[in-house]
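Whatever this is, show me its structure:
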Amino acid sequence: MLQVTASGSLQPSSNPYPFQICRTPIEPAQLHAVSLKTATFHDPLISSRLISLYAHSKCSSLDHVRSVFDQIQEPTLHSWNTLIKSYVENQRSQESLLMFLEFMSRSGLMPDVFTLPCVIKACGRLMATKEGEQIHGLILKIGLRDDVFVQSSLVSMYSKFKDINSARKVFDGMTEKDLVSWNSLMDGYVKSGNIELAKELFDEMTERDVVSWTVMVDGLSKHGKVDDARKVFDEMPSRNLPSWNAMINGYMKAGDFLSAHSLFDQMEDKDIITWNSMIAGYECNGRFSEALKLFTQLLNSGYIPTTSTLVSTLSAISYLALLTKGRWVHSYIVKNSHKLDGILGTSLIETYCKCGSIESALKIFKSIHNKKLAHWTAIIVGLGTHGQANHALELFQEMLKLNIIPNGITFIGVLNACNHAGLVKDGQRFFKMMVNDYKIEPTIEHYGCLVDIFCRAGCLEEAKNVIESMPMKPNKIVWMSLLSASRIYKNVEIGEYAGHNVTQIDPKCIESYLLLSNMYATTNNWDKVSHIRETMRKMGLKKDPGCSFIEFENGVHEFIVGDRSHPQSNEIYHKLSEIRERLKSVGHVPDKSQVLLHIEGDNEKEIELESHSERLAIAFGLINYKPGIPIRIVKNLRVCNDCHSVTKLLSKIYDREIIVRDNNRYHHFKNGSCSCMDYW
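Numbering: from 1, shown residues only. Model (predicted):
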């Protein structure tokens with residue numbers, strides 16, 4: 001220890017390692033003050049220990065430690081090592097490398113087995129391959145090639161670089177291999193995609209710790225070998241949280257959410273990563289309601305959601321179009337001071353767009369001060385899909401003026417906006433701008449947008465030419481666009497051509513048969529309608545029942561075609577009778593051409609149309625929503641011609657904005673018109 005002599009000077013006692021442990025947070029500062037007062041601060045032993053105490057004190061910032069270090073005339077190797085290590089431990093790896101560079105250039109000392117592992121770790125974190133190779137050369141030069149800690153660090157570094165050959169070479173050259181080096185190499189094999197070699201190494205190990213087992217479980221899970229991962233998991237002597245989480249992730253990625261939930265229920269201890277894995281897994285597997293239930297359970301269990309939790313939750317909300325739930329999560333984000341200048345802001349914009357509230361999406365966009373490309377892209381895409389093409393294109397031009405470089409997804413939003421506005425020449429111009437000015441290679445999605453632009457304008461030959469000249473093989477979606485347009489514009493020849501190509505790709509695509517049948521019906525070609533229906537019957541193809549969702553009072557109400565199971569069913573059908581009379585009074589004539597052929601009689605066909613799921617949902621909304629509140633509906637199929645015409649009229653008759661999201665696009669019905677301009 002240090003002791004103050006009778007003369008007032010600070011001298012080392014017989015113990016050469018003074019103040020190893022501080023009992024109070026202010027002790028380092030007190031001892032520092034004494035050393036300055038007694039002029040012993042520059043004693044190498046004292047200054048070195050002071051740096052160590054400051055570095056390990058919770059009350060000292062690393063910048064303060066550096067300022068004390070800079071006052072030392074000749075820092076010891078221990079002081080240099082302490083500061084280099086502290087930078088690495090505090091996720092300031094770049095400063096650690098700069099400190100090491102300074103050490104090599106001015107200290108006159110040589111790095112030791114404590115210096116080098118820290119610096120090597122910093123290189124691995126920064127993916128600083130050139131610097132890592134230089135340090136490896138230095139290790140060979142100063143004769144530390146046989147130190148197990150240094151060599152293990154090199155194996156780990158090269159594994160992080162995914163330079164698995166160099167990692168293996170270092171590993172094979174080690175005279176003594178510790179468990180860290182085995183685990184590092186195995187992890188390197190996993191991350192570089194060599195899962196079989198990783199398993200071979202795992203089987204060779206004579207000693208394993210929990211890290212070894214977890215790396216193997218995680219690696220097998222991520223590479224889709226879930227059964228093998230489970231076998232290793234079951235053999236683990238003791239399991240840690242990362243191994244449970246890795247197994248849950250593996251099951252979710254394989255689509256086996258039942259096994260994932262079974263493991264989740266078995267876990268005695270969970271962390272936020274566990275919950276995030278489950279919520280994200282359910283969302284990715286289309287189990288949106290389960291994801292939201294689990295989010296509520298997470299909150300009730302006292303866990304604090306992370307950005308990842310909130311993004312997955314918002315994605316589930318988006319699919320179900322639960323605007324009330326989306327607003328609740330938004331308020332939670334604001335209340336807990338989450339920043340919106342990253343992915344969370346993008347997710348919120350997308351959520352409001354998909355829930356049919358473009359106004360709220362615009363408010364979020366405007367509130368973000370440091371807007372990134374993802375924010376601009378999200379709002380441009382959203383405005384385009386909601387039929388606000390001019391606004392979308394204005395924002396795109398504003399973005400370009402701010403020197404924000406668009407990407408391929410941005411241009412999909414721009415092209416879709418041109419499509420909704422019928423801007424054929426602008427669409428072609430933006431397509432050329434993307435290729436020529438921004439050197440973005442068009443994907444099939446971009447060509448699909450261009451096809452849609454021509455289709456919407458009725459330029460079916462031009463659309464057909466684009467499809468036939470595409471550098472990649474057209475997919476089903478592209479051909480379906482042409483088929484849909486052929487039905488709208490009653491071009492039987494091109495429609496049959498498109499339909500043939502759809503069935504070549506997907507012989508059981510029921511929507512293509514339905515579109516062909518509808519096209520034939522609108523052109524009064526009833527023989528071909530019968531042929532299509534007979535073909536569908538022989539193939540066992542059945543149209544999915546129409547299903548519509550509407551949110552009310554924190555609950556989701558589901559309706560299927562002809563549904564009479566709802567508690568308010570009597571009121572709903574009474575409202576439908578009222579709607580029928582009001583439609584007749586404004587001269588509406590039902591479009592019965594697309595009603596199934598087995599339904600005979602005009603009255604029966606009208607009844608079938610009136611019981612479509614979106615009509616039931618609209619009636620429910622008119623009964624329960626206060627005047628002036630928009631009615632928002634999500635439908636699993638396309639809105640049929642008659643329902644589209646009816647909804648336009650109802651928006652005017654009842655002076656109500658009605659927003660319908662079908663499986664093709666958004667429809668904003670207001671004052672007797674629709675944002676899709678009758679192209680759907």
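
Check which residues of the longest helix anywhere in the chain are buried.
Among the segments of the chain that qualify as a helix by DSSP state H, the longest is helix 569-585. Buried positions in helix 569-585, judged by neighbour count with 16 or more other C-beta atoms under 10 Å: Ile572, Tyr573, Lys575, Leu576, Ile579, Arg580, Leu583. Every C-beta, even on glycine, is put in place using the N, C-alpha and C of the backbone.

Any chance of those residues in CSV with pLDDT and distance to Leu83 as columns?
Below are the buried residues of helix 569-585 laid out as CSV (pLDDT from 0 to 100; distance: C-beta to C-beta, whole Å):
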residue, pLDDT, distance to Leu83
Ile572, 95, 73
Tyr573, 94, 78
Lys575, 95, 75
Leu576, 93, 77
Ile579, 94, 77
Arg580, 92, 82
Leu583, 93, 80
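
between those, which is nearest Ala316?
Ile572 (27.8 Å; C-beta to C-beta).

ok, now which ones touch the closest one?
Counting by C-beta atoms under 8 Å, 6 or more residues apart in numbering, Ile572 touches His566, Leu616, Ala619, Phe620, Ile623.

By neighbour count, which of those residues wins?
Most neighbours among those, by other C-beta atoms under 10 Å: Leu616, with 29 neighbours.

who does the helix or strand it falls within touch, helix- and strand-wise?
Here Leu616, judged by DSSP states H and E, is contained in helix 613-624. Applying 3 or more C-beta pairs under 8 Å, 6 or more residues apart in numbering; DSSP states H and E, we find helix 613-624 packed against strand 547-552, strand 555-560, helix 569-585, strand 631-635, helix 641-653, strand 658-661.

all helices for the stretch 201-350 of the chain, in order.
Secondary structure of the stretch 201-350 of the chain, counting by DSSP state H, counting those that start in this stretch: helices at 210-222, 226-235, 241-253, 257-266, 272-284, 288-300, 307-320, 323-335, 343-354.

if we can go back for a sec, residues making contact with the helix holding Leu616?
For helix 613-624, contacts defined as C-beta under 8 Å, 6+ apart pick out 545-550, 552, 557, 559-561, 563, 566, 568, 571-573, 575-576, 579, 609, 631, 633, 635, 639, 643, 646-647, 650, 654, 656, 658, 660.

Give the buried subset of the residues you listed as a ChimeraX selection command.
Here is the ChimeraX command that picks out the buried ones among those, judged by 16+ other C-beta under 10 Å:
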select :546,547,548,549,550,557,559,560,561,563,566,572,573,575,576,579,609,631,633,635,639,643,646,647,650,654,656,658,660
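
so is Val589 in a helix, a strand, or just coil?
Classification of Val589 using DSSP: H, G, I helix; E, B strand; the rest coil returns coil.

quick one: pLDDT of it?
What the model reports as pLDDT for Val589 is 86.

What's the separation between it and Asn524?
16 Å (C-beta to C-beta, to the nearest Å).

for Phe149, same thing?
85 Å.

neighbour-wise, which of these two wins?
With neighbours defined as other C-beta under 10 Å, Phe149 and Asn524 compare such that Phe149 has more, 16 against 8.

that's a strand at that one, yeah?
No - secondary structure of Phe149 (three-state DSSP): helix, not part of a strand.

which SSE is Gly495 in?
Assigned by DSSP H and E, Gly495 falls within helix 492-505.

helices and strands around that helix, which ones?
Here helix 492-505 touches helix 460-469, helix 476-488, helix 510-522, going by 3+ C-beta pairs under 8 Å, 6+ apart.

So for Ser357, which of those helices sits nearest?
helix 476-488 (26.9 Å).

residue contacts, Met186?
Contacts for Met186 were tallied using C-beta under 8 Å, 6+ apart; they are Ala198, Leu201, Phe202, Ser212, Val215, Met216, Gly219.

Quick one: mean pLDDT for the helix or strand hosting it?
Using DSSP H and E, Met186 falls within helix 179-191. For helix 179-191, mean pLDDT is 93.

Let me see the confidence value for the residue lying closest to Ser52 once chain neighbours are set aside.
Take Ser52 and drop its neighbours on the chain: the residue closest to it by C-beta to C-beta, 6 or more residues apart in numbering is Thr82, 5.3 Å away. Listed pLDDT for Thr82 reads 92.

Over to Arg23?
As predicted, Arg23 sits at a pLDDT of 56.

Present the buried residues of helix 569-585 as TSV; the columns should include distance to Asn165.
Output for the buried residues of helix 569-585, formatted as TSV (distance: C-beta to C-beta, whole Å):
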residue	distance to Asn165
Ile572	69
Tyr573	73
Lys575	72
Leu576	72
Ile579	73
Arg580	76
Leu583	74
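
what's the farthest-apart pair in these?
Ile572 and Leu583 (16.1 Å).

for the protein, what are the low-confidence residue spans?
1-25, 59, 592-607, 678-680 (pLDDT under 70).

can we see that at 80?
1-42, 56-60, 543-544, 554, 591-609, 664, 676-680 (pLDDT under 80).

So what does Phe669 look like in phi/psi?
Here is the backbone geometry of Phe669 (degrees, to the nearest 10): phi -100, psi 130.

From what I see, it and Ile659 are in contact.
Yes - if you go by C-beta atoms under 8 Å, Phe669 and Ile659 touch, sitting 7.3 Å apart.

what's the burial count for Lys193?
Rather than Lys, residue 193 is Gly. Counted with other C-beta under 10 Å, residues neighbouring Gly193 total 14.

how about the nearest residue to Gly281 once chain neighbours are set aside, what does it touch?
Of all residues not flanking Gly281 in the chain, Met252 sits nearest, at 2.8 Å (C-beta to C-beta, 6+ apart). Contacts for Met252 (C-beta under 8 Å, 6+ apart) come out as Ala260, Ser277, Met278, Ala280, Gly281, Tyr282, Cys284, Asn285.
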